[in-house]
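**Student:** give me a model of this one.
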Amino acid sequence: MSTGQTIQLVLQGLVFLAWAGLMFRTLFLWRRRAQDETGAALHGPGQMLKQAGRWLRAPEDKTDRSTLFFLTFVLFAMILSSVFLGPPG
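**Tutor:** Residues are numbered from 1 along each chain as shown. Below is the predicted model of the structure:
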C-alpha cells in the first residue's frame with residue numbers, strides 16, 4: 001500500500017468516525033424526544049419518522065443538521081473519488 005493510499009484510508013476513516021458519532025447522537029436525540037413526547041420507553045417507527053421530520057425543520061438543530069449533511073457529502077465524495085479515480089500513487 002502506497003503512502004497516498006494510506007493517507008486516503010486514514011482520512012476516510014476519520015470522516016467516517018465523525019459521521020458515525022454525529023449520526024448516533026442524532027438517533028439518540030430522536031429517541032429521547034420521542035420518549036419525552038409519548039412517555040413510553042418503546043415507540044414505533046411512526047414516532048421516529050415524526051422526530052426525523054421535526055429534526056429536519058427545527059431551527060435549534062440547524063448546526064447538527066448542516067454538519068451531518070456536509071459529512072455525508074464529504075464521505076460520499078471520498079468514496080466515489082477512490083472508486084472512479086482509482087487508488088492514489
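
**Student:** low-confidence ranges in the chain?
**Tutor:** 86-89 (pLDDT under 70).

**Student:** which helix runs longest in it?
**Tutor:** Determined from DSSP state H, the single longest helix within the chain is helix 3-38.

**Student:** in that helix, which residues are buried?
**Tutor:** For helix 3-38, burial by neighbour count (16 or more other Cβ atoms under 10 Å) applies to 8, 12, 15, 19, 22, 26, 30, 31, 33, 34. (Each C-beta comes from the backbone N, C-alpha and C, glycine too.)

**Student:** contacts only, for the second one.
**Tutor:** Contacts of residue 12 were listed using Cβ atoms under 8 Å, 6 or more residues apart in numbering, and they are 75, 78, 79, 82.

**Student:** between helix 3-38 and the helix or strand that comes right after the longest helix of the chain, find me the angle.
**Tutor:** Of the helices and strands lying after helix 3-38 in sequence (DSSP states H and E), the nearest is helix 45-57. Helix 45-57 and helix 3-38 meet at an angle of 110 degrees, taking axes from the mean of the first three to the mean of the last three Cα atoms, to 10 degrees as the criterion.

**Student:** counting contacts, what elements does the very next helix or strand once past helix 45-57 pack onto?
**Tutor:** Next along the chain after helix 45-57, taking DSSP H and E as the criterion, comes helix 62-84. With contacts taken as 3 or more Cβ pairs under 8 Å, 6 or more residues apart in numbering; DSSP states H and E, helix 62-84 sits against helix 3-38.

**Student:** what angle separates the helix it packs on from helix 62-84?
**Tutor:** 140 degrees.

**Student:** distance of residue 35 relative to residue 16?
**Tutor:** In this view, residue 35 and residue 16 are 28 Å apart by Cβ to Cβ, to the nearest Å.

**Student:** related to what we said a few turns ago, export the buried residues of helix 3-38 to TSV and tack on distance to residue 67?
**Tutor:** Output for the buried residues of helix 3-38, formatted as TSV (distance: Cβ to Cβ, whole Å):
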residue	distance to residue 67
8	22
12	18
15	12
19	9
22	6
26	10
30	16
31	20
33	19
34	22
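
**Student:** biggest separation within the residues you listed, which pair?
**Tutor:** Pairwise distances across the buried residues of helix 3-38 (Cβ to Cβ) peak at 38.5 Å, for the pair 8 and 34.

**Student:** alright, that wraps it up for me.
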